[in-house]
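**Student:** Generate a structure from the sequence data that follows.
(2 chains)
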Amino acid sequence: LAKTTQPISMDSYEGQEVNITCSHNNIATNDYITWYQQFPSQGPRFIIQGYKTKVTNEVASLFIPADRKSSTLSLPRVSLSDTAVYYCLVVQGSTLTFGKGTMLLVSP
Amino acid sequence: DAGVIQSPRHEVTEMGQEVTLRCKPISGHNSLFWYRQTMMRGLELLIYFNNNVPIDDSGMPEDRFSAKMPNASFSTLKIQPSEPRDSAVYFCASSPTGLRGELFFGEGSRLTVL
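**Tutor:** Numbers count the residues shown, from 1 in each chain, chains lettered A, B, ... in the order given. Predicted coordinates for the structure are as follows:
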């Protein structure tokens, strides 16, 4: 099963680029990698999804190396409002199981 | 688009009482998921429906928990009888892509069992 491993927490300052890496050594051939953001008292919110190489949208970029055993979520020029928990999600068997997530704290 | 709608947003009940949580998925989404979130255990998948049919309920804690999806626009999660350890935030999510992983979550139902 594709268990995911992320740093428990990260600190950054406003305006900096933040990269959060997730390890998923046992990812299956057909699995997609999806990242979510969660604020307190809210449900997780979809950020970005990818299968290989690089994906970019208006919010973030997702980098996936050729072996797909890890992925990196890149948040350009973070602001205070980006303080949240970030989860990477990979299908595990027939279910979608979230890991512990990374608590990102952005300071002024 | 109204998004996934859950009710009630907050529920406080006493041990032994029946609790029913409700979810209206996004129209057109064919998959629905129920998750539970606590500080200790994080986000746990309870059950997954595809086209209104339960596909995987291995995450349902015990027989006290049951979930139904009578049609494409409504699902319920019932706990009977409730226990203090069931206190958590329960999220419903729907997806147009099934297990591919693009889930859209509701605001959650915060359950407190005294």
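
**Student:** Okay, now stretch A:98-106: how far is its last residue from its first?
**Tutor:** Stretch A:98-106 has an end-to-end distance of 23 Å (Cα to Cα, to the nearest Å).

**Student:** In it, which of the residues would be classed as buried?
**Tutor:** Under the neighbour-count criterion of 16 or more other Cβ atoms under 10 Å in any protein chain shown, stretch A:98-106 has A:98-99, A:101-104, A:106 buried. Where C-beta positions appear, they are placed from N, C-alpha and C, glycine not excepted.

**Student:** Just name the lowest-scoring one in these, pLDDT-wise.
**Tutor:** Checked by pLDDT, the buried residues of stretch A:98-106 have A:Gly99 as the lowest-scoring entry (81).

**Student:** before we move on, the earlier item: what's the closest of the buried residues of stretch A:98-106 to chain B?
**Tutor:** Relative to chain B, the closest of the buried residues of stretch A:98-106 is A:Phe98; by Cβ to the nearest Cβ it sits at 4.0 Å.

**Student:** Right, and chain B sits closest to which residue of chain A?
**Tutor:** Among the residues of chain A, A:Gly43 lies closest to chain B, at 3.0 Å counting by Cβ to the nearest Cβ.

**Student:** so what's the residue nearest to that residue when sequence neighbours are not counted bridging to?
**Tutor:** Leaving aside its sequence neighbours, A:Gly43 sits nearest to B:Phe105 (Cβ to Cβ, 6 or more residues apart in numbering or on different chains; 3.0 Å). B:Phe105 forms beta bridges with B:Ala93, as assigned by DSSP bridges.

**Student:** for A:Ile48, same thing?
**Tutor:** Beta-bridge partners recorded for A:Ile48 (DSSP bridges): A:Trp35.

**Student:** isn't it right next to A:Thr72, touching?
**Tutor:** No. Contact criterion Cβ atoms under 8 Å: A:Ile48 and A:Thr72 do not qualify, at 11.1 Å.

**Student:** overlap in contacts of the two?
**Tutor:** Residues touching both A:Ile48 and A:Thr72 by Cβ atoms under 8 Å, 6 or more residues apart in numbering or on different chains: A:Leu62.

**Student:** looking at chain A, which helix or strand does the model trust least?
**Tutor:** Within chain A, no helix or strand scores below strand A:95-98, which has a mean of 78 by mean pLDDT, DSSP states H and E.

**Student:** Which strands or helices does the helix or strand that comes right after that strand pack on?
**Tutor:** Sequence-wise, the next helix or strand downstream of strand A:95-98 (DSSP states H and E) is strand A:102-107. Other helices and strands packing on strand A:102-107, by 3 or more Cβ pairs under 8 Å, 6 or more residues apart in numbering or on different chains; DSSP states H and E, are strand A:9-13, strand A:18-23, strand A:84-92.

**Student:** swap the cut-off to 10 Å and go again
**Tutor:** Secondary-structure packing of strand A:102-107 (3 or more Cβ pairs under 10 Å, 6 or more residues apart in numbering or on different chains; DSSP states H and E): strand A:9-13, strand A:18-23, strand A:70-75, strand A:84-92.

**Student:** For the longest one, what does the pLDDT average out to?
**Tutor:** For strand A:84-92, the per-residue pLDDT values average out at 89.

**Student:** Spell out whether it and chain B are in contact.
**Tutor:** Yes. Strand A:84-92 reaches chain B (Cβ under 10 Å from any Cβ of the partner chain) through A:85, A:87, A:89-92.
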